[in-house]
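Chemist: Fold the following for me, if possible:
(one chain, ligands or ions: 1)
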Amino acid sequence: MNLRNSKILVVAAHPDDDVLGCGGTIAKAISLKSKIKILFLGEGVSARFGIGNENKKKSLDARKKRNIECKNSLKILGVNDYIFEERFCTQFDTYPLLNIVKSIENQISIFKPNLVFTHNPSEVNIDHRITHNAVEVATRPKKNSFIKEVYSFEIVCSGNWKFNKNFSPTTYVDISKFMKRKLKSWEQYKNETKNFPFPRSREGLKVLAKYRGMQSYLKYAEAFKLERELV
Ligand SMILES: [Zn+2]
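Modeler: Numbering: from 1, shown residues only. Just a heads-up that it's a prediction; the model follows:
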């Protein structure tokens, strides 16, 4: 994974998956002069209000707030290129896969990334799983493919709660110098965090980064699985 002078497209299901899955790596890549674009396929809030209430005032207000928090979070990471598509949260299975694939293909053709980061399939959240499936289709190799590597990341929480946990990392990124920034970026999402041992807590994020760090002899690491590489 070359983080210097790369063009990295991050395909995330919801605002906050970017920072949870690869926030430290994003900050590191930007410090190494890479360009980052983030495609958020869905909003991450409306599931709390029940089916049919997605566009009611309470839900819309919460969605708006979430996007503001996301922009604050991205500012801390140094990202200014992003798109909110706002498919309904935890309902990606109600959209044709082709609809999601086309969105991703569109951004690929505009941005021309050499690296793509997305969710791994071993996740409880259905939107995360479908995002993985859609990226698998959208990044399939073609004539003159500019995408050289596709990596999947893990989401503390959704990954922890899987019955059969089979995310098996191949690649570890040293984020020791960027851990503070990842935490600060994460803390912009005021309604997402709870106290430890809830996984999506300040301590939970640190525990996972330390655990991945132990596997790679680093203080803090983010783990990825290389899904496809063209050499
Ligand atoms: Zn998510």
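
Chemist: Tell me the residues of this structure that contact the ion?
Modeler: 13-14, 17 (C-beta under 5 Å from the ion). C-beta coordinates here come from the backbone N, C-alpha and C atoms, glycine included.

Chemist: check which helix or strand covers the nearest residue to Ile175 once chain neighbours are set aside.
Modeler: Among residues not flanking Ile175 along the chain, Gly24 sits closest, at 2.9 Å (C-beta to C-beta, 6 or more residues apart in numbering). Assigned by DSSP states H and E, Gly24 belongs to helix 17-31.

Chemist: Report the buried residues of that helix.
Modeler: 17-30 (16 or more other C-beta atoms under 10 Å).

Chemist: burial count for Trp186?
Modeler: 22 (other C-beta atoms under 10 Å).

Chemist: Where does pLDDT dip in the chain?
Modeler: The model of the chain has no residue with pLDDT under 70.

Chemist: For it, which residue gets nearest to the ion?
Modeler: His14 (3.7 Å; C-beta to the ion).

Chemist: Am I right that that residue is in a helix?
Modeler: No. The assignment for His14 (DSSP: H, G, I helix; E, B strand; the rest coil) gives coil, which keeps it out of a helix.

Chemist: Phi first, then psi, for it.
Modeler: Main-chain torsions, His14, degrees, to the nearest 10: phi -140, psi 150.

Chemist: Pull the number of nearby residues for the residue nearest to it when sequence neighbours are not counted.
Modeler: In space, and not counting its chain neighbours, His14 is closest to Gly44: 3.1 Å by C-beta to C-beta, 6+ apart. Neighbour count of Gly44, defined by other C-beta under 10 Å: 25.

Chemist: Can you verify my assumption that Ile104 contacts Ala13?
Modeler: No. Look at Ile104 against Ala13 with C-beta atoms under 8 Å: they stay out of range, at 11.7 Å.

Chemist: Comparing the two, which residue is more hemmed in?
Modeler: Ranked by neighbour count (other C-beta under 10 Å), Ile104 and Ala13 place Ala13 first, with 32 against 22.

Chemist: Next, the contact list for that one, please.
Modeler: If you count contacts by C-beta atoms under 8 Å, 6 or more residues apart in numbering, Ala13 has them with 40-42, 44, 92, 119, 125, 127-128, 130-131.

Chemist: Kindly recompute the last result at 6 Å.
Modeler: For Ala13, the contact set (C-beta atoms under 6 Å, 6 or more residues apart in numbering) comprises 41-42, 127-128, 131.

Chemist: just the helices in the chain please.
Modeler: Remark: helices assigned in the chain by DSSP state H are 17-31, 57-77, 97-111, 126-138, 179-186, 202-216.

Chemist: Can you say which of those is packed in most?
Modeler: helix 17-31 (a mean of 26; mean count of other C-beta atoms under 10 Å).
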